[in-house]
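Student: Kindly generate the corresponding structure for this input.
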Amino acid sequence: MKHATSKIRSFEELYVDTYDNGQMQLKQLGFRGEALFSLANISQNLVVSTRTEDDALGQKLEFRRDGYLDPNSTADVARKVGTTVAVVKVFDALPVRRADLIKRIKLHRAKMLRLLQACK
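Tutor: Numbering: from 1, shown residues only. Purely as a prediction, here's the structure:
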(Lines give C-alpha, C1' and ligand atoms only; values in the text may rest on other atoms or scores of the structure.)
Protein backbone atom coordinates (compact mmCIF):
# COMPACT_ATOMS: atom_id res chain seq x y z
CA MET A 1 0.00 0.00 0.00
CA LYS A 2 1.03 3.59 -0.44
CA HIS A 3 3.32 4.85 2.34
CA ALA A 4 4.01 1.30 3.59
CA THR A 5 7.43 1.12 5.20
CA SER A 6 9.86 -1.53 6.22
CA LYS A 7 10.16 -2.45 9.85
CA ILE A 8 13.93 -2.89 9.52
CA ARG A 9 15.67 -0.66 12.02
CA SER A 10 19.33 -1.49 11.28
CA PHE A 11 21.54 -3.02 8.57
CA GLU A 12 22.31 -5.95 10.88
CA GLU A 13 18.73 -7.18 10.53
CA LEU A 14 19.50 -7.98 6.88
CA TYR A 15 22.30 -10.35 7.83
CA VAL A 16 22.22 -13.79 9.45
CA ASP A 17 25.61 -15.50 9.64
CA THR A 18 29.26 -14.60 9.67
CA TYR A 19 31.96 -16.26 7.64
CA ASP A 20 35.23 -17.46 9.20
CA ASN A 21 36.86 -14.21 8.11
CA GLY A 22 34.29 -12.22 10.10
CA GLN A 23 32.27 -10.95 7.16
CA MET A 24 28.52 -11.17 7.40
CA GLN A 25 26.47 -13.19 4.94
CA LEU A 26 23.50 -11.44 3.36
CA LYS A 27 20.28 -13.11 4.49
CA GLN A 28 17.87 -11.25 2.26
CA LEU A 29 17.72 -8.51 -0.29
CA GLY A 30 14.03 -8.33 -1.01
CA PHE A 31 11.34 -5.87 -1.85
CA ARG A 32 10.09 -3.83 1.05
CA GLY A 33 7.19 -1.57 1.86
CA GLU A 34 6.57 1.20 -0.58
CA ALA A 35 8.83 -0.33 -3.24
CA LEU A 36 6.19 -2.98 -3.94
CA PHE A 37 3.46 -0.34 -4.17
CA SER A 38 5.61 1.72 -6.53
CA LEU A 39 6.14 -1.27 -8.80
CA ALA A 40 2.41 -2.05 -8.80
CA ASN A 41 1.64 1.60 -9.51
CA ILE A 42 3.76 1.77 -12.68
CA SER A 43 2.70 -1.59 -14.09
CA GLN A 44 -0.45 -3.33 -15.23
CA ASN A 45 -0.32 -5.50 -12.12
CA LEU A 46 2.09 -7.14 -9.69
CA VAL A 47 2.10 -10.91 -9.15
CA VAL A 48 3.58 -12.35 -5.95
CA SER A 49 4.05 -16.12 -5.68
CA THR A 50 5.35 -17.54 -2.42
CA ARG A 51 5.77 -20.79 -0.49
CA THR A 52 7.30 -21.61 2.90
CA GLU A 53 8.96 -24.90 3.86
CA ASP A 54 5.91 -25.75 6.00
CA ASP A 55 3.46 -25.50 3.08
CA ALA A 56 2.87 -28.17 0.44
CA LEU A 57 1.61 -25.56 -2.04
CA GLY A 58 2.41 -21.93 -2.56
CA GLN A 59 0.10 -18.97 -2.98
CA LYS A 60 -0.21 -16.65 -5.97
CA LEU A 61 -1.52 -13.13 -5.31
CA GLU A 62 -2.12 -10.41 -7.89
CA PHE A 63 -2.14 -6.77 -6.88
CA ARG A 64 -3.79 -4.04 -8.92
CA ARG A 65 -2.19 -0.74 -9.86
CA ASP A 66 -3.71 0.92 -6.77
CA GLY A 67 -1.90 -1.56 -4.48
CA TYR A 68 -5.00 -3.51 -3.50
CA LEU A 69 -5.18 -7.28 -3.83
CA ASP A 70 -7.39 -8.47 -6.69
CA PRO A 71 -9.81 -10.67 -4.72
CA ASN A 72 -10.35 -13.02 -7.68
CA SER A 73 -6.65 -13.62 -8.24
CA THR A 74 -5.55 -15.68 -5.25
CA ALA A 75 -4.75 -19.28 -6.05
CA ASP A 76 -2.73 -22.25 -4.84
CA VAL A 77 0.33 -22.92 -7.01
CA ALA A 78 3.01 -25.58 -7.17
CA ARG A 79 6.37 -23.90 -6.67
CA LYS A 80 9.68 -24.14 -4.85
CA VAL A 81 10.20 -22.57 -1.44
CA GLY A 82 10.70 -18.83 -1.72
CA THR A 83 9.05 -15.75 -3.13
CA THR A 84 8.90 -14.38 -6.66
CA VAL A 85 7.69 -10.90 -7.55
CA ALA A 86 6.68 -10.44 -11.20
CA VAL A 87 5.96 -7.02 -12.63
CA VAL A 88 3.48 -7.31 -15.52
CA LYS A 89 3.81 -4.72 -18.30
CA VAL A 90 6.19 -2.38 -16.49
CA PHE A 91 5.56 1.30 -17.28
CA ASP A 92 2.10 0.42 -18.64
CA ALA A 93 0.76 3.48 -16.80
CA LEU A 94 3.56 5.68 -18.19
CA PRO A 95 3.58 5.35 -22.00
CA VAL A 96 6.51 7.73 -22.55
CA ARG A 97 8.70 5.78 -20.09
CA ARG A 98 7.58 2.48 -21.66
CA ALA A 99 8.51 3.74 -25.14
CA ASP A 100 11.94 4.80 -23.85
CA LEU A 101 12.44 1.40 -22.21
CA ILE A 102 11.58 -0.41 -25.43
CA LYS A 103 13.75 1.93 -27.51
CA ARG A 104 16.81 1.47 -25.25
CA ILE A 105 16.22 -2.10 -24.03
CA LYS A 106 19.77 -3.28 -24.83
CA LEU A 107 21.31 -0.50 -22.74
CA HIS A 108 18.94 -1.14 -19.82
CA ARG A 109 19.58 -4.90 -20.00
CA ALA A 110 23.36 -4.36 -19.93
CA LYS A 111 23.05 -2.08 -16.87
CA MET A 112 20.86 -4.64 -15.10
CA LEU A 113 23.32 -7.47 -15.80
CA ARG A 114 26.24 -5.40 -14.47
CA LEU A 115 24.28 -4.68 -11.31
CA LEU A 116 23.39 -8.34 -10.79
CA GLN A 117 26.94 -9.50 -11.45
CA ALA A 118 28.24 -7.02 -8.89
CA CYS A 119 26.03 -8.66 -6.25
CA LYS A 120 27.67 -12.10 -6.63
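Student: use CA for all of it now, contacts and neighbours both
Tutor: Noted.
Student: how about the helices of the protein, start to end?
Tutor: 33-41, 95-103, 105-118 (DSSP state H).
Student: Any stretches of this structure with poor pLDDT?
Tutor: Along the chain, segments meeting pLDDT under 70 span 1-33, 120.
Student: Tell me how far residue 98 lies from residue 72.
Tutor: 28 Å (Cα to Cα, to the nearest Å).
Student: Give me the more crowded residue out of these two.
Tutor: Higher neighbour count among residue 98 and residue 72: residue 98, with 17 against 8, using other Cα atoms under 10 Å.
Student: Nearest to residue 82, out of the helices of the chain?
Tutor: Smallest distance to residue 82 across the helices of the chain (Cα to Cα): 16.6 Å, for helix 33-41.
Student: Okay, strands next: where are they in the chain?
Tutor: Using DSSP state E, the strands of the chain run over residues 15-18, 24-26, 45-51, 58-63, 75-77, 82-88.
Student: would you turn those into TSV with mean neighbour count and distance to residue 112?
Tutor: Output for the strands of the chain, formatted as TSV (neighbours: other Cα atoms under 10 Å; distance: least, Cα to Cα, whole Å):
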stretch	mean neighbour count	distance to residue 112
strand 15-18	12	24
strand 24-26	13	20
strand 45-51	21	20
strand 58-63	20	25
strand 75-77	13	29
strand 82-88	16	15
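Student: and residue 46, how far is that from residue 96?
Tutor: Distance, residue 46 to residue 96, using Cα to Cα: 20 Å.
Student: same thing with residue 111?
Tutor: Separation of residue 111 from residue 96 (Cα to Cα): 20 Å.
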